[in-house]
Structures are given as C-alpha cells and as structure tokens.
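> Next one to model:
(one chain, ligands or ions: 1)
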Amino acid sequence: MIPFQSDSNSPSGTRPAPPCTLVIFGAGGDLTKRLLMPALYNLSGAHLLPDDFQIIGVDHAQNDDAGWKKALTDTMQGFTKDKTAEFYTPKLDDAQWGYVTSKMSYVPADFDKDETYKGLTEKLGEDRSVVFYFAVAARFFGVIADKLGESGLLKQDGGRFRRVVIEKPFGSDLQSARDLNARLLKQGDESQFYRIDHFLGKETIQSIMAVRFANGMFEPTWRREYIDHVQITAAETIGVEMRGGFYEPTGCLRDMVPNHLFQLFCMIGMEPPNSFDAEAVRTEKAKLVEAAHPVIVEEAVRGQYTAGEEFGQPVKGYREEANVAPDSRTETYVALRLRVDNWRWAGVPFYLRTGKRLGNRRTEIAVHFKPAPYQIFKDTPVDQLAPNIVKLMVDPEQGISTQFSAKVPGPEMKLAKVENSFKYKDFFEEQPNVGYETLLYDCMIGDATLFQRADNIESSWAVVQPLLDAWKEGAPESYAAGSQGPKGADDLLAKDGRKWLPLKE
Ligand code: BG6
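Take a look at the predicted model:
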C-alpha cells in the first residue's frame, strides 16, 4: 500500500513500480475511461510508474494506437469541464498525460480467439513482467483466463511476473464464485490473481487499520464487553443511472453487500494481524467472515425505490428506469443483521444497510458503545444521555468523530451531547485520487493486501447465500426516492430496541 512505503525517489518518497506491461482487456470500456486512465495519470504525476512501462489496450472495436490515444485524451479533456466527475482536474498536465500516452498501444482483437493470445505473446516477448487487467463484463473472466493460461502467458519463469486483476462481480453466488475460482486456479497460482474491490482503494478504509492498530486507546475497548452494536452504512443518492441492464439481474445485495460492505465489516471487526503482510491481513479477514453466521432471512430487509424527490427535483422510480422491467422485483436497498460467532464479537450485532436513491450520500461505520455502568447524573434522564459513538466516515466526509456527554456550562449538573471531529482535509494535503491508484500500483509491486483471496470471496458469498435463495421469491418493500429507506429496515432495529443513525443530521 502506498502510504506505508518509505524510502526513495518519488516526491512522496515511494519507489516507482518495477518495469512491466499493463495489458487492459476492455480498453474501450467505461472503467478504462472513467477510472483506470485517470489513475494512471495520477500515478504518472506522483512518479510511481516505471520508466520501462507499456500499456497495451485490447478490445473488440477496430482502432489503432493513435485512435485509442485520441479517444482517451478527449475523455480526459472532458473531465476538465465536469466538476462532478469522479476524476476532476481543472487542466490536464501535458507532461503527466503525455507520459501515459507515450506508453500506449492498441490491439483490436476478440477475447475468445486464440490468435489474440498468439499476437500478445509476440508483442510482449519472453522476459516481460505483465499485469493483465480484466476490465470487461464478468462473462469474459473465465475465457480470458483460460486463453492466457493455455497460451503460456501466465507462466512466471526467469524472474518475470505474470499477474491478473479481476474486477467485480466475482460470481453471482457461492457456487458460481467457487466455479470461477476453480477455473482460474487451473491456469495459475492463487498468488497471481488480484481480485479487486474498489472500496479497498479508498484511503479512509485503509486508514481504519491504522486507527485501530496504531493507537493503544481504541483496541482495548474494541470488543463485546464495551461495544453495544455496529452500524455500517453505504447510502447513495444516485439511482441505477444507465446501468439497468447490469443491475436488473444483479440487485443491491450482490452489487454491494458481500463485497464492499463486507470489506468495511472486516476492517472494523478483524483481529489485529501479526503484520501488514498480505497473507497475515487476509487471513484475519477470512477468519472474521468465517465466524459470521449465514444471514437469517427474517433478519434482512429488501427495498426498491419508487418515484420521489432528490435534492428538490422529482426523480423516477426504479421500475421506470431504462432497461428495467416494469414489474421488476430487483432490490435497490438491503438492510440486515450480521451475527458473529467468535470470542470478540459474540452477542454484538453488526447492522448493515445500503441502497440507491436515499436521502443522503453517506458511507460510514458507527460503533455504538455500551452506556456507563451506573447512572450517577440523576438529573439527566437516561434517554437524554448521549450514546458514545465512534464514527469512521468514508464518504463524502472523510474522518473520524466521537460523540459523548459533557456538562453544560452553568450552576446545574446538566449534561448534553457533544462531538469531537477529525477531518482528513484539515490535517493532510489532498492527493489526486480516484481510488484505483493504490490498487494498480500494489498489483505492479506484488502487494496483494488490498485484494481478495479466493477463500475471502467464497466465505462472503456463503454468508449471504440464504438471502439469495430466499429472495428468488417475493418482492421488495417500496420506499420513496429521497427517503431513509423502507420501513422494514427501521423495524429490524426497533425489534432489538435500537435505531439507525439518521442519514442526514
Ligand atoms: C459499485 C457498484 O461497485 O460501487 C455501484 O456497482 C455503486 O452500484 C458503487 O454505486 C459505489 O461506490 P462508491 O465508491 O461510489 O461509493
């Protein structure tokens, strides 16, 4: 991970990646345009790309080197006019972008044809280290891996590395994830496969490990004796946008829960690893997810947004969106309770919720502590005492806040809720970051800490499999766009005598 490196010659003191080639399957796709190229541009600006570097784009469309460079230059220029884009820069730095384009070449080719891989073998040569990036629809993952393996492109002799980066969705349930893992592992070793979850590229999520394991004051209380429950929220205001075709068969559970939300769950719940070595960290995460009880169907709620208002503007319901069936039963919201059967967390519920078209964008983890054991402030009713909450804020605010009770100034001993807040932007200079910089760099240097191991993926699917099975039937509950989500989600916590934190304060 970039922040933990120290010596050498980039402005941040981090070493550039070793000589290699990045082969992007899906060179004309959305991910390449929106995130990979901006990330390469930022890595170029941070001097973290090697001098001896090549980027080979592979895609079906007929194009050539100049055409591909021009198309991506136009897209990057477009970002300078759109302040709301994931990547925004007021001006494209010619030298920084020029460095990236000087390394680029394009190969028009079909992913399932043997000639594609013969051509790549010749182009790459014998000694080259290569990262193959699958920025393609999930149906191509297996076939590309097979062809790479069968054509010898995944062999790692003579000091060269051959690695594969795979985007989500990784399978659509436990069985398909197992099948895909088995298929990949026929062609290469586990250590060659880097399964991406872009939440792990977010600085603040990586920083949860630092907060927990570099500060003696948190860890002693980070357990069942002191923690009442944990709320993990990833609330979005956007709808499905133009992704109806993908989202209809996928739904919110598959799209967000066993991957992104479980990464947050792991960061907050795993045991301290023995080191920051990839295997040590991933083993601790695996142990936590294995200790999570498969979700009990009655302890989960699904919702679907209907028409409503977002930021004062009327917005469509899910069923009116493009490429969505008018009687769709796909969920756009999920809330559930996770039970963890281990020594640290037994009896502490983890409540997870995520959804589209909610009243506020907010990704955060709120750790709710148990109240003080004895109530000595007789004049303040217990329900007016502020619960102790440590909030780890990921999006859009990035930081940590703690909420507790303090005395209101004056002659009486009256208490009130106060909050102590640390914001990243107040302490650190913001680095240009679309979330893929660290992930791309890590893959080039061979640090798999922020990537999912086969067992991590499979145990996550196993936890949500009861819902995938049960939700083949029935329909989600409706909630209005711009609201806090379906009523069932509130009932889920109310049954336990608890409440979600409001999405908007
Ligand atoms: C993606 C999902 O993986 O994550 C999207 O497919 C979702 O549906 C997105 O909107 C959320 O990520 P972020 O970084 O915008 O919070």
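> From here on, just use CA atoms for contacts and neighbour counts.
OK.
> ok, the residue positioned nearest the centre of the chain - contacts?
Taking CA atoms, centre = their mean, the centroid of the chain lies closest to Phe199, which sits 2.0 Å from it. By CA atoms under 8 Å, 6 or more residues apart in numbering, the residues touching Phe199 are Ile205, His260, Gln263, Gly435.
> from those residues, which ones fall inside helices?
Judged by DSSP state H, the contacts of Phe199 include Ile205, Gln263 as members of helices.
> what's the pLDDT at the residue nearest to the centre of the chain?
According to the prediction, Phe199 has pLDDT 93.
> Could I get the phi/psi values of it?
The phi/psi pair for Phe199 (degrees, to the nearest 10) reads phi -60, psi -30.
> Distance check, it against Glu167.
According to CA to CA, to the nearest Å, Phe199 stands 12 Å off from Glu167.
> where does the residue of the chain positioned farthest from its centre land on pLDDT?
Going by CA atoms, centre = their mean, the residue of the chain most distant from its centre is Pro411, 49.7 Å out. For Pro411, the model assigns a pLDDT of 88.
> Phi first, then psi, for it.
In terms of degrees, to the nearest 10, the main-chain angles of Pro411 are phi -70, psi -30.
> Report the separation between it and Ala386.
20 Å.
> Hmm, Asp255 is touching Gly171, no?
No - the criterion here is CA atoms under 8 Å, and Asp255 misses it with Gly171 at 10.7 Å.
> of the two, who's got more company?
Taking neighbours as other CA atoms under 10 Å, Asp255 and Gly171 compare with Gly171 leading, 20 against 17.
> For the helix or strand containing Lys118, buried residues please.
For Lys118, the host element (DSSP states H and E) is helix 114-124. For helix 114-124, burial by neighbour count (16 or more other CA atoms under 10 Å) applies to Thr116, Tyr117, Leu120, Leu124.
> Just confirm Gln175 is within a helix.
Yes - Gln175: assigned to a helix according to DSSP: H, G, I helix; E, B strand; the rest coil.
> on that earlier part again, how about residues contacting the helix or strand following the helix holding Lys118?
Using DSSP H and E, the next helix or strand after helix 114-124 towards the C-terminus is strand 130-134. Strand 130-134 has contacts (CA under 8 Å, 6+ apart) with 20-26, 141, 160-167, 443-444.
> Restricted to helices, list the residues you listed.
Those of the contacts of strand 130-134 lying in helices (DSSP H): Phe141, Cys443, Met444.
> Any idea how many residues pack against the closest residue to the last one other than its chain neighbours?
When the adjacent residues along the chain are set aside, Met444 lies closest to Ala17, with 5.9 Å between them (CA to CA, 6 or more residues apart in numbering). Other residues lying near Ala17 total 21 when counted by other CA under 10 Å.
> Where does the prediction get shaky in the stretch 301-450 of the chain?
For the stretch 301-450 of the chain, residues meeting the criterion pLDDT under 70 lie at 378-384.
> now do 80
In the predicted model, the stretch 301-450 of the chain carries pLDDT under 80 at residues 373-385, 430-432.
> what's the longest helix anywhere in the chain packed up against?
Counting by DSSP H, the longest helix found in the chain is helix 454-470. Secondary-structure packing of helix 454-470 (3 or more CA pairs under 8 Å, 6 or more residues apart in numbering; DSSP states H and E): helix 174-187, helix 278-291.
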